[in-house]
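Asker: please find the sequence and the predicted model below.
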Amino acid sequence: MTQNELSERSGAYSKKGSNCFSLAVKKFRVCCFATMRIPHRCAQLVFFIVHSAVYIVAYLIPQFVFWVVARGPISSLERWLGDERTFLPEHRMVRVVANWSNRRVAAMFGADVDYFTQGLPEMNGHISTILASFSPLRRLPHVQVQVVAPDGCTLCVDISRSPVCLPQGVFLILPGLASCSNSAYIKHFVAQATVMGFDCAVLLARGMGDSPLNAPQLMSGAWTADLRHIVDTCLVDPKWRAEHFGSSTAPVFAIGFSLGGNVLCKYLGEEGKGGRTARLPIAAAFAICTPWDFHESSAHMRKMAAMVLYQPVLIRGLKDYMCRHKDVVEKGQGLETVFTDGTVSGLRTVHEFDEEVVCPHFGYPFLEAYYSDAMSFPWLDRCPIPLLCIGCLDDPVTGPPPHWRRWDLLAQRNPNIVYFEYPKGGHLGFLSNPVRNIVGDPNAMEDAVLSAAASVATVHATKTKSYLNGR
């Protein structure tokens, strides 16, 4: 494919959704700056200064030097020889993998192209991941709804309504490991989604955030029972949706970040395998920066950079989680002595947490058994609904996603799967330039997800209108 063809095909996708986002950005700016308090404005100003300094030092200057020393001369020589092969345009673009013969799902997601360049992240994975986690954004007003699980544990759903009376859709959000609705990437996504007219419902993992743990059952990467209970008892009920979202007909989208994406994909595969798709109320799903292979992700997390930068943060959150619910945790299966024998205080990595806490609690004989059971990639063959998976090649936490050719084989077997492969973005970072960030533009991932959801919502509205007219 020539560079001109790539530009034309990606340009069509880049322009799609730009008009709707321009209005959303204006509303977002007015909403944010009108309601900000002075301390929050100061925090944003400080972050903008730091972000700008890092952007200049870590991106603009290296790019300029690289262009002068290597890319410029080599590209000029190759153009003169008529054989450009070193710096191909697709190396700086997002790869789209979908079924070859059935492009219906890709077209429904608004991505019936091979590559696109819309709002690419520009800094490396570590910088994007770490800097984005410090982005100041106030938590939007929300209402917490509590649902009792079959084992008596209280499940909490934090609902944030969009300013429109009738939302164009509802997002069920599953945060990652040791995260909640107050995590930076969750707050940022909810802010952008509500501006675009989507209601958001963040399902907190039991005991995470401000949710209680009143039953001796912990969560894990393979635990899908809570998500299944919320879907089967709440989302399938038109009265419940009308009460909490203002509409019983708006399409429901599920999105999982990191470990939440793994739980979501495993749940969808289980529903497809069990033939329980008739009453599934989810129109489409999204999995962002998911650990598709727990064995490889665990090995990646034991590398030096991850051990220094990310393991301490994650294990501190897990240890706080255990200590906060100590009285209940001690009643759990296989966890009777985790505090008295020093197991919890001695944890240093997520790998150790999985081995010392998750395995005995869930009855896995050894760690590899848990990792094999929790892997969601094999379950994607059974996914019964359109699913958009987004991965970054420079993800410093879960490691790079499976090779795009494996995704290509998967998409041929299951046309519901569409895969976006970003060359940069880090782990849930997708940090853009400082100006776009300070004015409240959606990042690359949010842009792709919200555009795809809006496209699916349009198709859903058209079908609903046709059905009502036919009656």
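Answerer: Arrived safely. Numbers count the residues shown, from 1 in each chain.

Asker: where in this protein is pLDDT low?
Answerer: 1-38, 88-91, 118-121, 139, 464-471 (pLDDT under 70).

Asker: for the longest helix along the chain, packing partners?
Answerer: When the chain is parsed with DSSP state H, its longest helix is helix 444-470. Contacts defined by 3 or more CB pairs under 8 Å, 6 or more residues apart in numbering; DSSP states H and E place helix 444-470 against helix 18-35, helix 104-108, strand 169-174, helix 184-195, strand 252-257, strand 282-288, strand 387-392, strand 417-422. All C-beta spots, glycine's among them, are computed from the backbone N, C-alpha and C.

Asker: what is the shortest one packed up against?
Answerer: Using 3+ CB pairs under 8 Å, 6+ apart as the contact criterion, the elements in contact with helix 104-108 are strand 417-422, helix 444-470.

Asker: at 10 Å what do you get?
Answerer: Secondary-structure packing of helix 104-108 (3 or more CB pairs under 10 Å, 6 or more residues apart in numbering; DSSP states H and E): strand 282-288, strand 387-392, strand 417-422, helix 444-470.

Asker: swap in the fourth one?
Answerer: Of the remaining helices and strands, those touching helix 184-195 by 3+ CB pairs under 10 Å, 6+ apart are helix 18-35, helix 125-133, strand 154-160, strand 169-174, strand 198-203, strand 252-257, helix 444-470.

Asker: contacts only, for residue 159.
Answerer: By CB atoms under 10 Å, 6 or more residues apart in numbering, residue 159 lies in contact with 141-145, 170, 181, 199-202, 244-245.

Asker: now do residue 378
Answerer: Counting by CB under 10 Å, 6+ apart, residue 378 has contacts 265-266, 269, 292-293, 372, 410.

Asker: residue 447: which of these is nearest?
Answerer: residue 265 (21.9 Å; CB to CB).

Asker: the closest residue to the closest one other than its chain neighbours - how many residues pack around it?
Answerer: Counting by CB to CB, 6 or more residues apart in numbering, residue 265 lies nearest to residue 376, which is 3.9 Å off, once chain neighbours are set aside. Around residue 376 there are 28 other residues, counting by other CB atoms under 10 Å.

Asker: which ones are touching residue 376?
Answerer: 221-222, 224, 256, 259, 261-269, 287, 290-294, 383, 389.

Asker: out of those, which are inside strands?
Answerer: 256, 287, 389 (DSSP state E).

Asker: so how far is residue 103 from the first one?
Answerer: With distances taken as CB to CB, to the nearest Å, residue 256 is found 25 Å from residue 103.

Asker: same thing with the last one?
Answerer: The gap separating residue 389 from residue 103 is 17 Å, by CB to CB.

Asker: which one's more surrounded, these two?
Answerer: residue 389 (28 against 15).

Asker: correct me, but that one touches residue 418?
Answerer: Yes. Under the criterion of CB atoms under 10 Å, residue 389 makes contact with residue 418 at 7.2 Å.

Asker: burial count for residue 247?
Answerer: The tally of other residues near residue 247 (other CB under 10 Å) stands at 18.

Asker: what separates the nearest residue to it once chain neighbours are set aside from residue 115, distance-wise?
Answerer: Distances taken as CB to CB, 6+ apart put residue 166 closest to residue 247, at 5.3 Å, once the chain neighbours are dropped. Residue 166 sits at a distance of 36 Å from residue 115 (criterion: CB to CB).

Asker: do residue 274 as well
Answerer: For residue 274, the distance to residue 115 - CB to CB - is 36 Å.

Asker: who touches both of residue 389 and residue 418?
Answerer: 97, 286, 407, 411.

Asker: mind putting those into JSON lines with distance to residue 334 and secondary structure?
Answerer: Formatted as JSON lines, the shared contacts of residue 389 and residue 418 follow (distance: CB to CB, whole Å; DSSP: H, G, I helix; E, B strand; the rest coil):
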{"residue": "97", "distance to residue 334": "40", "secondary structure": "strand"}
{"residue": "286", "distance to residue 334": "34", "secondary structure": "strand"}
{"residue": "407", "distance to residue 334": "36", "secondary structure": "helix"}
{"residue": "411", "distance to residue 334": "39", "secondary structure": "helix"}
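
Asker: most surrounded residue in those?
Answerer: If you rank the shared contacts of residue 389 and residue 418 by neighbour count (other CB under 10 Å), residue 286 sits at the top with 27 neighbours.

Asker: report the contact partners of that one.
Answerer: 109, 171, 173, 253-257, 261, 264, 386-390, 418, 420, 445, 448-450, 452-453.

Asker: ok, back up a step: filter the contacts of residue 376 down to the ones in helices?
Answerer: Going by DSSP H, the helices hold 259, 261-269, 294 from those.

Asker: need the helices and strands packed on helix 104-108 in CSV (columns: distance to residue 336).
Answerer: Output for the helices and strands packed on helix 104-108, formatted as CSV (distance: least, CB to CB, whole Å):
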stretch, distance to residue 336
strand 282-288, 35
strand 387-392, 39
strand 417-422, 42
helix 444-470, 42
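
Asker: can you say which of the ones you listed is nearest to residue 311?
Answerer: strand 387-392 (19.2 Å).

Asker: each with direction, which strands does the closest one pair with?
Answerer: Strand pairing for strand 387-392, determined by DSSP bridges: strand 282-288 (parallel), strand 417-422 (parallel).

Asker: which other helices and strands contact whatever helix or strand comes next after the last one?
Answerer: Right, the one you point to is strand 417-422. Next in sequence after strand 417-422, counting helices and strands by DSSP states H and E, comes helix 434-438. Packing partners of helix 434-438 (3+ CB pairs under 10 Å, 6+ apart): helix 38-55.

Asker: packing partners of the helix it packs on?
Answerer: Helix 38-55 packs on helix 18-35, helix 125-133, helix 434-438, going by 3+ CB pairs under 10 Å, 6+ apart.

Asker: what angle do the helix or strand that comes right after the second one and strand 154-160 make?
Answerer: Going down the chain from helix 125-133, the next helix or strand is strand 143-148, by DSSP H and E. Calculated by axes from the mean of the first three to the mean of the last three CA atoms, to 10 degrees, strand 143-148 forms an angle of 160 degrees with strand 154-160.

Asker: and strand 143-148, which strands flank it?
Answerer: Here, using DSSP bridges, strand 143-148 pairs with strand 154-160 (antiparallel).

Asker: between the partner strand and strand 198-203, how big is the angle?
Answerer: 160 degrees.

Asker: quick one: residue 339 from residue 162, how far?
Answerer: From residue 339 over to residue 162 (counting by CB to CB), the distance is 43 Å.

Asker: meant to ask about residue 286
Answerer: Distance from residue 286 to residue 162, counting by CB to CB: 18 Å.

Asker: just residue 239 next, same as before
Answerer: 20 Å.

Asker: over to residue 342?
Answerer: 48 Å.

Asker: more neighbours, the two?
Answerer: residue 162 (21 against 10).

Asker: that one reaches residue 141, doesn't it?
Answerer: No. Counting by CB under 10 Å, residue 162 does not reach residue 141; the two are 11.7 Å apart.

Asker: quick check: neighbours shared by those two?
Answerer: residue 194.

Asker: ok so, going back, ok, of the shared contacts of residue 389 and residue 418, which one's closest to residue 189?
Answerer: Out of the shared contacts of residue 389 and residue 418, the member with the shortest distance to residue 189 (by CB to CB) is residue 286, at 10.2 Å.
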